[in-house]
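1. can you look at this prediction? I've put the sequence above it.
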Amino acid sequence: MRPVLLPRLCRVAVCGGTHGNELSGVYLVREMLKTETRREDGESASVLMVLSNPRAMQQCRRYVDTDLNRCFTHATLNGPVSDGTPYEIMRSRELNAMLGPKGSRAAVDLVCDLHNTTANMGLCFIAYSDSDWICLHIFRYLQMPDTPMRFIHFDVSNKESYSLYSIGKHGFAMEIGPQPHGCVKSDIYTAMKEGVQHMLDWAGYFNSGCLFEGGLVDVFTMVKNVDYPRDGETRNIMATIHPRLQDRDFCLLHPGDPLFQTFSGETLTYNGNEPLYPFFINECAYYEKGIALSLARKKCVTIPSIRAQTEEEEEQASEQSFASEEEE
Amino acid sequence: MESAAVPPLSSVAICGGTHGNELTGVYIVKEMQKQKTDKVGSVSITTVVTNPRALDAGTRYTEMDLNRCFTDVLLSSPVTESSPYELRRAQELNAQLGPKGSAEAVDLLIDLHNTTANMGLCLIFYSIDWITLHIYKHIQNKMSSVPVRAIQLDIPISDAYSLESVGKHGFAIEVGPQPNGVLRADIFNMVKEAVDLTLAWLQEFNSGRSYEGGTVEAYTLVRSVDYPRDSAGKITAAIHQDLQDNDFKLLRSGDPIFQKFSGETLKYDGEDLYPFFVNECAYYEKKIAFHLAQRKTFSFPSICVKKD
């Protein structure tokens, strides 16, 4: 079967500190800025390193006014500004100008946004598409022996997509845990450093014309979130993740399995209709978003072989799309 | 050692949320308040969420670390409306649960904390106090789910800066690892068990049971080690993988302690000591990567309640 031909990745952005207290990405991007490594294999991609939320980083907080990683919908990026506009919304527009504009031809080819979680999730790719062959091939290429890896798909339309990585033509978050916010753990930092390095290696090989064979990838598609049981008046949580669920991200949760433990010691069970895969179990930042855990279905996605278009093929493709635009 | 007779302990304060993002104590206290637990047998119990503003903000503190505000000097310094919140709050707590050093102070003050370090369950206290050592021994004997250790801060009470120094007897229960802002059920269950064991011990003690003396090991703080930093004061390394999560495992010269972000390993150079608070998130700003301690054995006598 013929491989799918895709444009080269000329510009790749690696972003850290989108949440100012998720420190692996902060220190990795700082280190990369210091050493300013450039890929020289074959057709080099130019790599932009970005510290997304400097003010939040300075205060070692997730955000200053509002969660930056929810500020990248088309509506937020293009809405009106005033003196009272929250810092992160101003910042999302700066980032959109720098790396985008989202949805345009000028946008960077690939955005990799670095995150940490307090949940025991190993290394996860989080993407809006389950058929972005670039992201899926990078994921497949990355497989690291000591680090469990999973691909999470949020089925959100491009219009409604809200995260930083949606700015690029291709994009994903690299989410690694468990790590407490405000802490940097050496093994987590090293896993992220290797992950980013492998990704940039892949981009270099891809750009130089390597053929990447297709295959099968397990994809976890987010189905729903589950909140903590809360007090009707105060909205305080009345239970916490059950010890038998804690740290068991991606272990299938069956109806009847323990879900929460109340402060008086009672067990509450999962009462869904179908077994689902839990993730973001007990993520610190999600208490305020009303999420105790997220649930996903797993499916097997067949990815095709891919190769980068040659310059000729890119020109042809561009002429064809110009012609079809004219016809319209 | 001669047996000691100690007056009954009839008032206990259980405190949580001294650091607003250390959640176990907050929810232990809230549950006790919900159940209206104000007396357990002969022991009257006061439960306090000590730093409600920091709790609301989801931060360790709002203006200054509440758990550094309880020295004699700070407790008696003049405060106004514009003084830092935590300084004023410390004086309120001292009025409610103390005054520190006086006959009116609660008999026992237990302050509940969490750490991101892999420290299991630790009792932290200032003075070598027979009551504290007996309670420590009791908890250690009864709890098998987690290592139980004691840390002694060799500081005179007048300079003692944390909340537990307000009570006639006091200790902090510090449990980890738990990320700030996260509530883990297993940690909650451990702290609840330790608190319940303490209250049960006090009841038995008050009702006349005598407890045999013995010895316990405890760790005494010697010094701290900071991260390597650049000229801007930013850390340039993380705790090395070999040290991460190995609190209380003897550290020897030549053992790796840091891994620079550039990849280089830095090694420990010094006397054999026990590290703890390894990679405590809140200590980055206090310039502490980990503490180092000596391990000592303390003897303590049999005790029973002093009858009038």
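-> Perfect, thanks for sending it. The structure displayed is predicted, hence computed values, not measured ones.
2. what about residue 170, how many neighbours?
-> All of this refers to chain A. Here the number of neighbours of residue A:170 (other Cβ atoms under 10 Å in any protein chain shown) works out to 22. All C-beta spots, glycine's among them, are computed from the backbone N, C-alpha and C.
3. switch to chain B, please.
-> Neighbour tally, residue B:170, other Cβ under 10 Å: 30.
4. tell me which other helices or strands the strand or helix carrying it touches.
-> For residue B:170, the host element (DSSP states H and E) is strand B:169-176. Packing partners of strand B:169-176 (3 or more Cβ pairs under 8 Å, 6 or more residues apart in numbering or on different chains; DSSP states H and E): strand B:108-114, strand B:120-125, helix B:130-142, helix B:185-206.
5. winner for burial among the ones you listed?
-> Of the helices and strands packed on strand B:169-176, the one with the most neighbours on average (mean count of other Cβ atoms under 10 Å in any protein chain shown) is strand B:108-114, at a mean of 27.
6. and that one, C-alpha only, in PDB?
-> What follows is strand B:108-114, C-alpha atoms only, in PDB (Å, rounded to 0.1, in the frame of the first residue of the first chain):
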ATOM      1  CA  LEU B 108      -1.400  18.100  74.200                       C
ATOM      2  CA  LEU B 109      -1.300  19.800  70.800                       C
ATOM      3  CA  ILE B 110      -1.100  17.700  67.700                       C
ATOM      4  CA  ASP B 111      -0.500  19.500  64.400                       C
ATOM      5  CA  LEU B 112      -1.200  17.500  61.200                       C
ATOM      6  CA  HIS B 113       1.000  18.000  58.200                       C
ATOM      7  CA  ASN B 114       1.900  16.400  54.800                       C
END
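7. list the helices and strands it packs on?
-> For strand B:108-114, the packing partners by 3+ Cβ pairs under 8 Å, 6+ apart come out as strand B:11-16, helix B:23-34, strand B:169-176, helix B:185-206.
8. ok, and what's touching the third one?
-> Strand B:169-176 is contacted by residues B:9, B:24, B:107-126, B:129, B:131-132, B:135-136, B:146, B:151, B:162-164, B:187, B:190-191, B:194-195 when judged by Cβ atoms under 8 Å, 6 or more residues apart in numbering or on different chains.
9. how does it look with 6 Å?
-> Residues from elsewhere that reach strand B:169-176 (Cβ atoms under 6 Å, 6 or more residues apart in numbering or on different chains): B:108-109, B:111-115, B:117, B:119, B:121-125, B:129, B:131-132, B:164, B:187, B:190-191, B:194.
10. quick check: angle from that strand to strand B:108-114?
-> Interaxial angle of strand B:169-176 relative to strand B:108-114 (axes from the mean of the first three to the mean of the last three Cα atoms, to 10 degrees): 20 degrees.
11. strand B:169-176: how far from the chain's middle?
-> In terms of Cα atoms, centre = their mean, to the nearest Å, the centre of strand B:169-176 is set 3 Å apart from its chain centre.
12. what does the first one give?
-> With Cα atoms, centre = their mean as the basis, strand B:11-16 stands 13 Å off its chain's centre.
13. who's in contact with residue 119?
-> No chain specified, so I'll use chain A. A:177, A:249, A:280, A:281, A:283.
14. correction: the question concerned chain B.
-> Counted by Cβ under 6 Å, 6+ apart, residue B:119 has contacts B:176, B:247, B:276.
15. gap between the nearest residue to the first one once chain neighbours are set aside and residue B:167?
-> On the basis of Cβ to Cβ, 6 or more residues apart in numbering or on different chains, the spatially nearest residue to residue B:176 that is not a chain neighbour turns out to be residue B:115, at 3.6 Å. Residue B:115 sits 21 Å away from residue B:167, going by Cβ to Cβ, to the nearest Å.
16. so which of the two has more stuff around it?
-> Ranked by neighbour count (other Cβ under 10 Å), residue B:115 and residue B:167 place residue B:115 first, with 26 against 23.
17. take the helices and strands packed on strand B:169-176 and write them to CSV, including mean pLDDT.
-> Formatted as CSV, the helices and strands packed on strand B:169-176 follow (pLDDT from 0 to 100):
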stretch, mean pLDDT
strand B:108-114, 98
strand B:120-125, 97
helix B:130-142, 96
helix B:185-206, 97
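18. dump those into CSV; add distance to residue A:148 as well.
-> Output for the helices and strands packed on strand B:169-176, formatted as CSV (distance: least, Cβ to Cβ, whole Å):
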stretch, distance to residue A:148
strand B:108-114, 26
strand B:120-125, 26
helix B:130-142, 35
helix B:185-206, 21
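19. what residues are up against the residue of the stretch 101-250 of chain B at minimum distance from chain A?
-> The stretch 101-250 of chain B approaches chain A most closely through residue B:179 (3.4 Å), counting by Cβ to the nearest Cβ. Residues near residue B:179 by Cβ under 6 Å, 6+ apart: A:118, A:180, A:284, B:116.
20. all helices for the stretch 201-328 of chain A, in order.
-> With DSSP state H, counting those that start in this stretch, the ranges of helices along the stretch 201-328 of chain A come out as A:311-327.
21. chain A contacts on the stretch 1-150 of chain B?
-> For the stretch 1-150 of chain B, the contact set with chain A under Cβ under 6 Å from any Cβ of the partner chain comprises B:27, B:31, B:116.
22. 10 Å instead, please
-> For the stretch 1-150 of chain B, the contact set with chain A under Cβ under 10 Å from any Cβ of the partner chain comprises B:21, B:23-24, B:26-28, B:30-32, B:34-35, B:58-60, B:115-117.
23. give me the pLDDT for the residue in the stretch 101-250 of chain A that chain B sits nearest to.
-> In the stretch 101-250 of chain A, no residue comes nearer to chain B than residue A:180, which is 3.4 Å away by Cβ to the nearest Cβ. Model confidence at residue A:180, given as pLDDT, is 98.
24. let me know whether it touches residue B:184 as I believe.
-> No: Residue A:180 lies out of contact with residue B:184 (Cβ atoms under 10 Å); the separation is 11.4 Å.
25. what about the residue nearest to residue A:98 when sequence neighbours are not counted, which helix or strand?
-> Sequence neighbours aside, residue A:50 is the residue nearest to residue A:98 in space, at 7.2 Å (criterion: Cβ to Cβ, 6+ apart). Assigned by DSSP H and E, residue A:50 belongs to strand A:46-51.
26. what are the buried residues along that strand?
-> Of the residues in strand A:46-51, A:47, A:49, A:50, A:51 count as buried by neighbour count, 16 or more other Cβ atoms under 10 Å in any protein chain shown.
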